[in-house]
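Peer 1: Following is a predicted model, sequence given first.
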Amino acid sequence: MSKRAIPLVNLSKFIAGSDADKADFVSQLGNAFHTVGFVGVINHGIPKALINTFYDQSKSFFNRPLDEKLKYQVAGGAGQRGYTSFGTEHAKQSTAGDLKEFFQFGQEVTDGDPIKSMYPENVVVHDQKEFTESGQELYRQFELAGKNLLQAIALFLNLDKHYFDTRIHNGNSILRAIHYPPITSEPNSAIRAEQHEDINLITLLVGASAGGLQILTSENEWMNVVPEGEEIVINVGDMLQRLTNNYLKSTTHRVVNPPREEWHVPRLSIPFFLHPKADVDLTCLPSCVSDAHPLQYESITAGNYLNERLREIGLMK
């Protein structure tokens, strides 16, 4: 059996386990985020049937003719809702567009919070109701799993368990269905997704329909991440790395093209990018700054940081 690229943890131990189980989970998750920046999670509570439905619905949407899909692209929306066409997004250090198209769902504010006015409406695909409905339900399930994981991270950082709860409530999180179409000719320079780090606090990814995800290890080697069974993959984003003054690691990763004999196989992947609200202060936590680990970042809000990064990757002008 090949060696796992990332540690594996069991979220049910944190949600329903004994005090010792909970402490063990906090330590395992925190150490994984400190050393590797990635972890596989089982018993995460996200229903398999819901994941399958959203996969099937996403596949149906991306199989539509381009002119139909373009009806769901929002002009000037920085790709934050609805459809974004093939090759639009690129890694910040690259000008070649990634070999992917995607569809995004954002926050639905239902409790009267005035932050609702800051978010664009979600794009509804009217003749594919189940796509929208399963996407919005999966969004809520990911948000709940993400909240539990951040509670464990708060404890690992010696913060109040609920430190992140209010900061992510009605936050600017994104559910993205990504379609990497079959490769039909030798790509110029782009790969399916060039090496990058995520912008947000944490990313939750349900197993992709084909391989290709690789992480860059501390030894500067690329390792394949192959989720097994119903495991989801979680990684630290730049906002959490920034908040912890590099103590928790936002690890570089990419999606490589398959071998030529598998070029005909498309790839579908469903990440959930968990973001705080725009006004959340990302100033490094005082406990993560010391003489041995001097301050690495200037203060910035989550909203300003996000906009800066969206410009770098070509989604915002």
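Peer 2: The structure has been received and is ready for your questions. Numbering: from 1, shown residues only.
Peer 1: tell me which residues of stretch 73-85 are tucked away?
Peer 2: For stretch 73-85, a neighbour-count test (16 or more other C-beta atoms under 10 Å) marks 73-74, 77-84 as buried. Glycine gets a C-beta too; all of them are placed from N, C-alpha and C.
Peer 1: Stretch 65-74 too?
Peer 2: Buried positions in stretch 65-74, judged by neighbour count with 16+ other C-beta under 10 Å: 69, 72-74.
Peer 1: Only C-alpha atoms, please: export that stretch in PDB.
Peer 2: Output in PDB follows, covering the C-alpha atoms of stretch 65-74 (Å, rounded to 0.1, in the frame of the first residue of the first chain):
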ATOM      1  CA  PRO A  65     -23.500  24.000 -25.300                       C
ATOM      2  CA  LEU A  66     -21.300  27.000 -24.500                       C
ATOM      3  CA  ASP A  67     -23.800  29.600 -25.600                       C
ATOM      4  CA  GLU A  68     -26.300  28.100 -23.100                       C
ATOM      5  CA  LYS A  69     -23.700  28.200 -20.200                       C
ATOM      6  CA  LEU A  70     -22.700  31.800 -21.100                       C
ATOM      7  CA  LYS A  71     -26.300  32.900 -20.200                       C
ATOM      8  CA  TYR A  72     -25.300  32.200 -16.600                       C
ATOM      9  CA  GLN A  73     -22.100  34.300 -16.700                       C
ATOM     10  CA  VAL A  74     -22.400  37.500 -14.700                       C
END
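Peer 1: Now tell me what touches it from outside.
Peer 2: Applying C-beta atoms under 8 Å, 6 or more residues apart in numbering, the contact partners of stretch 65-74 are 61-62, 80-85, 101, 103, 120, 123, 125.
Peer 1: any chance you could map the helices in the stretch 201-317 of the chain?
Peer 2: Under the criterion DSSP state H, counting those that start in this stretch, the stretch 201-317 of the chain contains helices at 238-243, 302-312.
Peer 1: Report all helices and strands that the last one contacts.
Peer 2: On a contact count with 3 or more C-beta pairs under 8 Å, 6 or more residues apart in numbering; DSSP states H and E, helix 302-312 meets helix 238-243.
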